[in-house]
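Asker: when you get a sec, could you give me coordinates for this:
(chains A and B)
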Amino acid sequence: MTIHEFLVPPAVACQRAGPHDQIVMSSRVRLARNLKKHPFPSWAKKPDRLRVLEAIQPAVETLPQLAPHFAAAMDDLTPLDKQILVERHLISREHAAKGAGSGLVVNQEETLCVMINEEDHLRMQALRPGLQIKACWQAIDDLDSALEPKLDFAFTPELGYLTACPTNLGTGIRVSAMLHLPGLVLAEEITRIINAANKLNFAVRGLYGEGTEALGNVFQVSNQMTLGESEPQIIERISKALNQIIEEEENARLLLMEKKSKIVFNHIGRAYGVLANAHTITSKETMNLLSLLRLGGELGLFTKLDRSLTDEMFLLTQPAHLQQQHTEKLGAEERDILRATMLRTRLRDIPRPQAPE
Amino acid sequence: MLCNACKQNEAKVHLTKIVGDKMQKVDLCEDCSKDKGVDDPTSYSDLLMGLSAEPVPSEPEPAAEPGAKCPACGYSQADFKKAGRFGCSECYDTFGEGLVVMLKTMHKGTRHTGKVPAALHQSRVEAQKVKLLQKRLDKAITEENFEEAAQLRDEIKRLK
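Answerer: Residues are numbered from 1 along each chain as shown, chains lettered A, B, ... in the order given. Just a heads-up that it's a prediction; the model follows:
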């Protein structure tokens, strides 16, 4: 079975809902773990990495928490498979670049995903739609505890879980939420928010994590400190910050509608115009305009536009997902044309936005 | 505070590098930090290596363990400087000196207070109990409360 056959189609995946999902697209908690007496992946030679993969993968695959699951060695996946997994936020771009000696185990719900031999021997993550940090932590804590008797983790009482990079030392936890913040971007408040988050020692990144652009007004907020605080303390601290950002985004939207509604309607109307009528469009422009369409839906400007549809289009118009729908190899220009065709078709039955009287 | 690079704008990005027990700081404005690619935290340590050479004259490396290699995996201090990552879990022992200073700049604290593997947790709970009893024992002795002291001593013996 290929990964495409295993994962549910985007139309179904985008139906998944969660608390605050108008603003919080998804929550994630990731734990980093390493085995004793084995060099870390980036320093390990290929036979070492293969040994670690052979020790970890079967242990992970027997966990009932992951059933039904898909497992693969990274060198058995095609570049397209890997890119699909990145676009679904199941693996990091770093992991997609790995070959022999690295592996992946993901469950069908896409709520648990384990990367083997990424930067650490084990990077396991729990994902949920909307704001569900605590549920993510419980799921991944449970998975970690279930692996404990099977694998010998590198741990000392003083430094906690030992990781390849000392920035992950201790708890090895990375808590993050993917936020859709078009209101704060339009109100030009986003820089203030990012600076405030940075001051609290939270990182704010783009759509695909480290070193990526905030396309489609999507931002990832995550903790950076992993040592000296317990997991619940870290979760408590970032939850507070996230709730504050959610409130700021809600306020920004209200204020925009009150004071600058023409500007907002103009942006959304033009976004609809381009998406519903373009004959060629890049994925970057698509993401930025779909963000405005999503906002329009939430502001009640569209009568027949579900969030699941904008989210589905957001995913389906990404390069690898677009390529996957076509058997022949597409160039960038062909993709732009096919992307526009798909958007015109999908938006044919969505009436144009109406500003309230 | 002004940016170290352009010396015009206010510094908004502050980087700190620790070599041995020496700390070096770089303060940059947003524009210069972008120019130097500081917005990507993966290359955090590489950046510090590259940047600190300019504004802050770098001291010779501490003579502590020149060329010391991790006995478990063969990783060297120089490798760590280049990659910002360790070679294996034993490296934390090998290169332990100076680690605390570096951790202070990265984290809230330098001691782990989070999850402990269940097997270790049990022994830790007992160790803490012993510590607590030991404290009470010391107090009992200073207060010349020998009857309690004897009880506590027996209890500690049993736990150990």
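Asker: which element follows the helix or strand of chain B with the lowest mean pLDDT toward the C-terminus?
Answerer: Within chain B, no helix or strand scores below helix B:44-52, which has a mean of 43 by mean pLDDT, DSSP states H and E. Moving toward the C-terminus from helix B:44-52, the next helix or strand (DSSP states H and E) is helix B:77-83.
Asker: quick one, helices of the stretch 1-150 of chain A?
Answerer: Here the stretch 1-150 of chain A has its helices, by DSSP state H, counting those that start in this stretch, at A:3-6, A:10-13, A:46-61, A:79-87, A:93-96, A:133-147.
Asker: what pLDDT does the residue of the stretch 201-350 of chain A found nearest chain B get?
Answerer: Closest to chain B within the stretch 201-350 of chain A is A:Gly228: 2.2 Å, counting by C-beta to the nearest C-beta. Just so you know, the C-beta spots here come from the backbone N, C-alpha and C atoms, and that holds for glycine as well. On the pLDDT scale, A:Gly228 is placed at 94.
Asker: then B:Cys70?
Answerer: With respect to pLDDT, B:Cys70 scores 89.
Asker: check contacts around the closest residue to A:Ile337 other than its chain neighbours.
Answerer: Closest residue to A:Ile337 in three dimensions, ignoring its sequence neighbours and counting by C-beta to C-beta, 6 or more residues apart in numbering or on different chains: A:Thr280, at 5.0 Å. Contact analysis of A:Thr280 by C-beta atoms under 8 Å, 6 or more residues apart in numbering or on different chains lists A:Glu333, A:Asp336, A:Ile337, A:Arg339, A:Ala340.
Asker: make a PyMOL selection of whichever of those residues turn out to be buried.
Answerer: In PyMOL, this line selects whichever of the contacts of A:Thr280 come out buried by 16 or more other C-beta atoms under 10 Å in any protein chain shown:
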select buried, chain A and resi 336+339+340
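Asker: tell me which of the contacts of A:Thr280 fall in helices.
Answerer: Judged by DSSP state H, helices contain the following of these: A:Glu333, A:Asp336, A:Ile337, A:Arg339, A:Ala340.
Asker: what is the nearest of these to A:Glu158?
Answerer: A:Arg339 (52.7 Å; C-beta to C-beta).
Asker: show the pLDDT at the residue nearest to the closest one when sequence neighbours are not counted.
Answerer: For A:Arg339, ignoring the flanking residues on the chain, the nearest one in space by C-beta to C-beta, 6+ apart is A:Thr317 at 5.0 Å. Note on A:Thr317: pLDDT of 92.
Asker: now swap in A:Asn223 and tell me
Answerer: The per-residue pLDDT of A:Asn223 was computed as 96.
Asker: thought it was touching A:Ala197?
Answerer: No - look at A:Asn223 against A:Ala197 with C-beta atoms under 8 Å: they stay out of range, at 10.4 Å.
Asker: okay, and the common contacts of the two?
Answerer: A:Ala203.
Asker: contact partners for A:Met25?
Answerer: Counting by C-beta under 8 Å, 6+ apart, A:Met25 touches A:Pro129, A:Gly130, A:Met178, A:Leu179, A:His180, A:Val218, A:Asp311.
Asker: who does the first one bridge with?
Answerer: The partner list for A:Pro129 in beta bridges (DSSP bridges) reads A:Ser26.
Asker: that one and A:Pro19: what is the separation?
Answerer: 9 Å (C-beta to C-beta, to the nearest Å).
Asker: who has more neighbours, those two?
Answerer: In this view A:Pro129 and A:Pro19 are compared by other C-beta atoms under 10 Å in any protein chain shown, and A:Pro129 has more residues nearby, 22 against 13.
Asker: per-residue pLDDT of that one, please?
Answerer: At A:Pro129, the pLDDT recorded in the model is 95.
Asker: list the contacts for it?
Answerer: Applying C-beta under 8 Å, 6+ apart, the residues near A:Pro129 are A:Arg16, A:Ala17, A:Gly18, A:Asp21, A:Met25, A:Ser26, A:Ser27.
Asker: domain ranges for the chain?
Answerer: You didn't say which chain, so I picked chain A. A:3-252, A:261-346 (automatic domain parsing).
Asker: not quite, I wanted chain B
Answerer: Using automatic domain parsing, chain B is parsed into the domains B:1-55, B:57-113, B:118-159.
Asker: lowest average pLDDT across those domains?
Answerer: domain B:1-55 (a mean of 60).
Asker: next, the nearest residue to A:Asp311 once chain neighbours are set aside: phi, psi?
Answerer: Once flanking residues are discounted, A:Asp311 sits nearest to A:Cys14: 4.2 Å by C-beta to C-beta, 6+ apart. Backbone torsions for A:Cys14, taken as degrees, to the nearest 10, come to phi -80, psi -10.
Asker: can you check A:Pro149 too?
Answerer: Dihedral angles (degrees, to the nearest 10) for A:Pro149: phi -70, psi -20.
Asker: cool, and the one 10 residues further on?
Answerer: Taking degrees, to the nearest 10, you get phi -100, psi 0 for the backbone angles of A:Leu159.
Asker: contacting residues around it?
Answerer: A:Leu159 touches A:Leu169, A:Gly170, A:Leu227, B:Tyr92, B:Arg111, B:His112, counting by C-beta under 8 Å, 6+ apart.
Asker: again, but for B:Cys3
Answerer: B:Cys3 neighbours (C-beta under 8 Å, 6+ apart): B:Asn9, B:Glu10, B:Ala11, B:Asp27, B:Leu28, B:Cys29, B:Cys32.
Asker: again with A:Lys37
Answerer: A:Asp152, B:Ala72, B:Cys88, B:Ser89, B:Glu90.
Asker: gap between A:Leu186 and chain B?
Answerer: 21 Å (C-beta to the nearest C-beta, to the nearest Å).
Asker: contact partners for that residue?
Answerer: A:Ala252, A:Leu256, A:Lys260, A:Ile263, A:Val264, A:His267.
Asker: do the same with A:Met257
Answerer: Per C-beta under 8 Å, 6+ apart, neighbours of A:Met257: A:Val264, A:Leu299.
Asker: tally of neighbours for residue 109?
Answerer: Unless you meant another one, I'm taking chain A. 15.
Asker: actually, chain B is the one I wanted.
Answerer: B:Gly109, neighbours per other C-beta under 10 Å, totals 13.
Asker: which SS class is it?
Answerer: Assigned by DSSP: H, G, I helix; E, B strand; the rest coil, the conformation of B:Gly109 is coil.
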